[in-house]
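Colleague: structure of the sequence below:
(one chain, ligands or ions: 2)
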Amino acid sequence: MAETERRFVDWVGKIKFGIPFIDKQHLELCDLCEELYQGIAQQRSYASSQGWQSSLSDEMRKLFESLRNHFATEEKLLATVGYEHLAEHKQSHRHCLTQIADLLKDFDKSGMQTVLDFVKFFNNWLYQHITFEDRMYVKTVLEYMHRQTQGE
Ligand SMILES: [Fe+2]
Ligand SMILES: [Fe+2]
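Modeller: Numbers count the residues shown, from 1 in each chain. Ligands and ions are numbered 1, 2, ... in the order given. Got it, this is the predicted structure:
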């Protein structure tokens, strides 16, 4: 997605760790969040449309799967480099997945406002998590990667 197309998740271009596969996954998550937001905005313009949930539930599930996949990648990486705050970090991931799983449980009966509130929450969660919690592991990971390339 081009930088100018992200109108809701407008912070992502500012955050890069220099860990290519992690940066790529973060960007993908931001794109999914943006798509979800745009999807809701579109549905809102047909205020009375029936079954709008079904057109968004696929995107919600896609977001959930991508997030689960990213968390698994990140946790594996952090275990490999021996990151000291891995347990807390995992807990933060679990907490986010639980929130989405709860929303997905009764998604067909969800109100538009609930879904909109969720996207706002998720955008904010992702921003806070990447900016503060993920950023904390960057030094450890980069040092590890550096040692690997030095053949130590
Ligand atoms: Fe994380
Ligand atoms: Fe992350």
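
Colleague: number of residues surrounding residue 101?
Modeller: Residue 101 has 11 neighbours, counted by other CB atoms under 10 Å. All C-beta atoms are positioned from the backbone trio N, CA, C, and that covers glycine.

Colleague: low-confidence stretches in the chain?
Modeller: 1-6, 45-50, 152 (pLDDT under 70).

Colleague: helix or strand for the spatially most central residue of the chain, just tell me which one.
Modeller: Taking CA atoms, centre = their mean as the criterion, residue 29 is the residue nearest the geometric centre of the chain, at 4.3 Å. The secondary structure element spanning residue 29 is helix 20-44 (assigned by DSSP states H and E).

Colleague: counting contacts, what elements does that helix pack onto?
Modeller: Using 3 or more CB pairs under 8 Å, 6 or more residues apart in numbering; DSSP states H and E as the contact definition, the elements that helix 20-44 packs against are helix 52-81, helix 112-128.

Colleague: the closest residue to residue 53 other than its chain neighbours: what's it in contact with?
Modeller: When the adjacent residues along the chain are set aside, residue 53 lies closest to residue 108, with 5.1 Å between them (CB to CB, 6 or more residues apart in numbering). By CB atoms under 8 Å, 6 or more residues apart in numbering, the residues touching residue 108 are 53-54, 57.

Colleague: quick revisit: which residues touch the residue nearest to the centre of the chain?
Modeller: For residue 29, the contacting residues are 63, 66-67, 70, 126, by CB under 8 Å, 6+ apart.

Colleague: how about stretch 28-40, does it reach ligand 1?
Modeller: No - when contact is scored as CB under 5 Å from the ion, no part of stretch 28-40 falls within range of ligand 1; the minimum is 10.3 Å.
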